[in-house]
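Q: sequence first, then the predicted structure:
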Amino acid sequence: MIYKIARQNLFHDGVRLCVTLTGIVFAVVLITVEIGLFLGFTHTISAVIDNSGADVWVTSRGVKNFDIALPLKEHKYYQALSIPEVKDAARFIIRFADWKKPDGLQESVEIIGFETEKSMGGPWNYVRGSNAMLDLKDAIIIDQLYMEKLGVSRLGEHVEINQKKARVAGYTRGIRSFTTSPFVFAALETASHYTHLEPDEFTYLLVKGKDGVHPKALKAALLRNINHVDVYTTEEFSEMTRKYWMFNTGAGTGLLIAAFLGLVVGMVVVAQTLYATTLDHIAEFATLKAIGAPNSYIYGILLSQATLSALLGYGLGILAASAISDMSHFSATVIMLPTTLKIIMFFLTLTMCVLSALISIRKVMRLDPALVFKGR
Amino acid sequence: MENNGTAIQLSNISKYFGAKAQKEYALKDVSVSVRRGEVLMLMGPSGSGKTTLLSIMGCILKPSSGSIVIRGREISGFSQKQLGRIRLRHLGFIFQEYNLFPTLNVLDNVLVALDIRGMTGPKAKKQALTALGSVGMAPKALAMPDTLSGGQKQRLAIARSLAGRPSVILADEPTAALDSDNGRKVVELMRELAHEKNHSVVIVTHDPRAVKYADRLLTIEDGRISNSQNKHAAVGEDE
Ligand SMILES: Nc1ncnc2c1ncn2[C@@H]1O[C@H](COP(=O)(O)OP(=O)(O)OP(=O)(O)O)[C@@H](O)[C@H]1O
Ligand SMILES: [Mg+2]
């Protein structure tokens, strides 16, 4: 009966229910999308590192993130190969470059060069083409998501990178770049040619350990044998890059603040409308109190109202957020909506609504049952 | 004697409102007993203290001084929570404005009163329908309150107050919002049920025509009982 009263109180006033639900849905969508963006960015930032297949990354001293680093010299590569713990090492280039579209307009891209015969640092999710295509002269691979941005409409399209000829030899799907400069994959020599590095220079050394060698041990061995470099396990490098872009640049903080604001605004709206619903029915609550209903009975009604609103609002909100997330998969910015986030959002919505109900509970708690005989 | 004949015994009840400096007495040293099975009416000018007295009888308002004994128990020291339980167990209320739950249908309005008392399921439904039947509202069980006439609403309110099988029903101007015909029917009904089920009914009213349904009539003036009359039953006088 408590539930029935709560339900009837909510559904009796359709307009107010709409306002309540709009508030909750708005909050749920806002918070979910902001957090989803945060997760999406975090994923994007380190995607190339996470998919590199390397155990350990050797970098020049003082590198702060994946996208920007000074070059290393070739002898470091041979030093690495001579270490007993090392199974294989591969040179890797990343550099910003200018991209000239077929129509003559410019874009900025990030060139990635990798050793095509080694299974480290290359693209994944091929839609067209393969690593082998990159051994052709001037061959590059871009992601489908950036075709329009880069002015590419077909395979084999001719473009210019830093005034040098390039030809699109394949596509990947879903390799996004956080810096807004799309990644362009090429063979090491091709990339070196585009980026004005010396022939014996590269940006990172990707290292794989022999079976049974822990990345930490591999890292220590590399540090012992190679001077003037920093060494990170793939996990460390990934985390460092993510932290750099998300927090040093304020991008992540902004998203989290927006999510928090969503929570606050949502709570205020929900508290307001639940309170208004309570006020609408205040005479009934007074009557219940006068008849002798224990406080727990009345709180039960208020909490049921809050829970019911939460369930409805969450359902609609998460549906909307899922739709937005689904659409984002076709854009350069992905909104990730993992099940864990859905579950967390469920409890967050519930908590938000229940906390909002506390204001109503306080009001009813102070209600004097003697009011019932006073008219109102 | 007290348990058999008296449902509520108020002794030397005073009630004032406001801070000590400007105390305003609504009731001064009032003693009254509500007897089992009687219809007791309270009359008096506006502001004389009728509602205050009824609220104190109903354990909704605490007196400033004096003692209240309900079914043999002194309750003046009780907490709000304990008073709530006394109301739930022993008292039924009827209000001038009916105070129905507008979002619930007729049957549910009665079921709420039982639900609060922990009674649910088919047994509750049966008891609710019995209560509705006794006020002639059973055929309207599924109607919504806003489709009912004033008289029907008040009959529903009576059914709701009866559902918990209280020993005393307290009604503040239950007919004030009704036309004279419906008002008469409601008072008649309350009297009938009181006598039939042997529970007491206390009615505050302004309506002189209702007086003939009273077993006893108390007149309150300026916070004191100025007159007490036996109308029907040959029960002994208070004071
Ligand atoms: N909560 C309160 N605070 C202050 N004064 C009050 C309060 N309740 C009642 N009073 C005062 O107590 C006196 C008696 O009020 P009460 O409501 O009992 O009168 P009543 O006989 O029911 O009048 P009416 O016929 O108009 O309903 C009045 O002077 C009123 O102003
Ligand atoms: Mg009054």
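A: The structure has been received and is ready for your questions. Ligands and ions are numbered 1, 2, ... in the order given.

Q: please name the nearest non-neighbouring residue to B:Ile8.
A: Residue nearest to B:Ile8 in three dimensions, not counting chain neighbours: B:Val34, with 4.1 Å by CB to CB, 6 or more residues apart in numbering or on different chains. Heads up, the C-betas are built off the backbone N, CA and C, glycines and all.

Q: can you count the residues close to that neighbour?
A: Using other CB atoms under 10 Å in any protein chain shown, B:Val34 has 21 other residues around it.

Q: how close does it sit to A:Cys353?
A: B:Val34 sits 45 Å away from A:Cys353, taking CB to CB, to the nearest Å as the criterion.

Q: follow-up on the earlier one: any idea which element the residue nearest to B:Ile8 lies in?
A: Element membership for B:Val34, per DSSP states H and E: strand B:24-35.

Q: looking at that strand now, give me its mean pLDDT.
A: What strand B:24-35 shows for mean pLDDT is 93.

Q: ok, now stretch A:254-269?
A: The model assigns stretch A:254-269 a mean pLDDT of 86.

Q: do stretch A:325-337 as well
A: Stretch A:325-337 shows an average pLDDT of 93 in the prediction.

Q: start to end distance for it?
A: With CA to CA, to the nearest Å as the measure, stretch A:325-337 spans 7 Å from end to end.

Q: in the lengthiest helix in chain B, what's buried?
A: With secondary structure taken from DSSP state H, chain B has its longest helix at helix B:180-197. Using 16 or more other CB atoms under 10 Å in any protein chain shown as the test for burial, helix B:180-197 gives B:Asn182, B:Gly183, B:Arg184, B:Lys185, B:Val186, B:Val187, B:Leu189, B:Met190, B:Arg191, B:Leu193, B:Ala194, B:His195.

Q: check which helices and strands the helix or strand just after that helix sits against.
A: Per DSSP H and E, helix B:180-197 leads on to strand B:200-204 as the next helix or strand towards the C-terminus. Applying 3 or more CB pairs under 8 Å, 6 or more residues apart in numbering or on different chains; DSSP states H and E, one finds that strand B:200-204 contacts strand B:24-35, strand B:39-43, helix B:50-57, strand B:168-172, helix B:180-197.

Q: lowest-confidence stretch among these?
A: Note on the helices and strands packed on strand B:200-204: lowest mean pLDDT is at helix B:180-197, with a mean of 89.

Q: what's next to that one, contact-wise?
A: B:37-39, B:94, B:134-135, B:149-151, B:154-155, B:158, B:162, B:169, B:171, B:174-175, B:178, B:199-201, B:203, B:205, B:207, B:209-210, B:213 (CB atoms under 8 Å, 6 or more residues apart in numbering or on different chains).

Q: kindly export it (C-alpha atoms) in PDB.
A: Coordinates of each C-alpha in helix B:180-197 appear next as PDB, following Å, rounded to 0.1, in the frame of the first residue of the first chain:
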ATOM      1  CA  SER B 180     -28.600  20.100   5.900                       C
ATOM      2  CA  ASP B 181     -30.100  16.900   4.500                       C
ATOM      3  CA  ASN B 182     -26.700  15.200   4.000                       C
ATOM      4  CA  GLY B 183     -25.500  16.700   7.300                       C
ATOM      5  CA  ARG B 184     -28.500  15.100   9.100                       C
ATOM      6  CA  LYS B 185     -27.900  11.700   7.400                       C
ATOM      7  CA  VAL B 186     -24.200  11.800   8.400                       C
ATOM      8  CA  VAL B 187     -25.000  12.500  12.100                       C
ATOM      9  CA  GLU B 188     -27.700   9.900  12.100                       C
ATOM     10  CA  LEU B 189     -25.300   7.400  10.700                       C
ATOM     11  CA  MET B 190     -22.700   8.200  13.300                       C
ATOM     12  CA  ARG B 191     -25.200   7.800  16.100                       C
ATOM     13  CA  GLU B 192     -26.500   4.600  14.700                       C
ATOM     14  CA  LEU B 193     -23.000   3.100  14.400                       C
ATOM     15  CA  ALA B 194     -22.100   4.300  17.900                       C
ATOM     16  CA  HIS B 195     -25.000   2.600  19.500                       C
ATOM     17  CA  GLU B 196     -24.800  -0.500  17.400                       C
ATOM     18  CA  LYS B 197     -21.100  -1.100  17.800                       C
END
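
Q: among the helices and strands of chain A, which one scores worst on average pLDDT?
A: The least trusted helix or strand in chain A, going by mean pLDDT, DSSP states H and E, turns out to be helix A:251-280, with a mean of 86.

Q: packing partners of that one?
A: On a contact count with 3+ CB pairs under 8 Å, 6+ apart, helix A:251-280 meets helix A:2-12, helix A:14-45, helix A:295-328, helix A:339-365.

Q: and the third one, is it in reach of chain B?
A: Yes. Taking CB under 8 Å from any CB of the partner chain as the criterion, helix A:295-328 and chain B are in contact, through A:Asn295, A:Tyr297.

Q: hang on, the earlier thing: in TSV, list the helices and strands packed on strand B:200-204 along with distance to ligand 1.
A: As requested, the helices and strands packed on strand B:200-204 are exported to TSV (distance: least, CB to the nearest ligand atom, whole Å):
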stretch	distance to ligand 1
strand B:24-35	3
strand B:39-43	8
helix B:50-57	3
strand B:168-172	7
helix B:180-197	16
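
Q: re the thing from before, how far out from the middle of the chain is the longest helix of chain B?
A: Distance, stretch centre to chain centre, for helix B:180-197: 13 Å (CA atoms, centre = their mean, to the nearest Å).

Q: and after the helix or strand bottoming out on mean pLDDT in chain B, which helix or strand comes next?
A: The weakest-scoring helix or strand in chain B, judged by mean pLDDT, DSSP H and E, is helix B:2-5 (a mean of 56). Toward the C-terminus, helix B:2-5 is succeeded by strand B:6-17 as the next helix or strand (DSSP H and E).

Q: report the inter-axis angle for that following strand versus helix B:50-57.
A: 120 degrees (axes from the mean of the first three to the mean of the last three CA atoms, to 10 degrees).

Q: list the buried residues in strand B:6-17.
A: B:Thr6, B:Ala7, B:Ile8, B:Gln9, B:Leu10, B:Ile13, B:Ser14, B:Lys15, B:Tyr16.

Q: could you list the low-pLDDT ranges of chain A?
A: Of all residues in chain A, those with pLDDT under 70 make up the ranges A:375-376.

Q: okay, now the domains of it?
A: Domain ranges of chain A: A:2-44+A:250-373, A:62-227, per automatic domain parsing.
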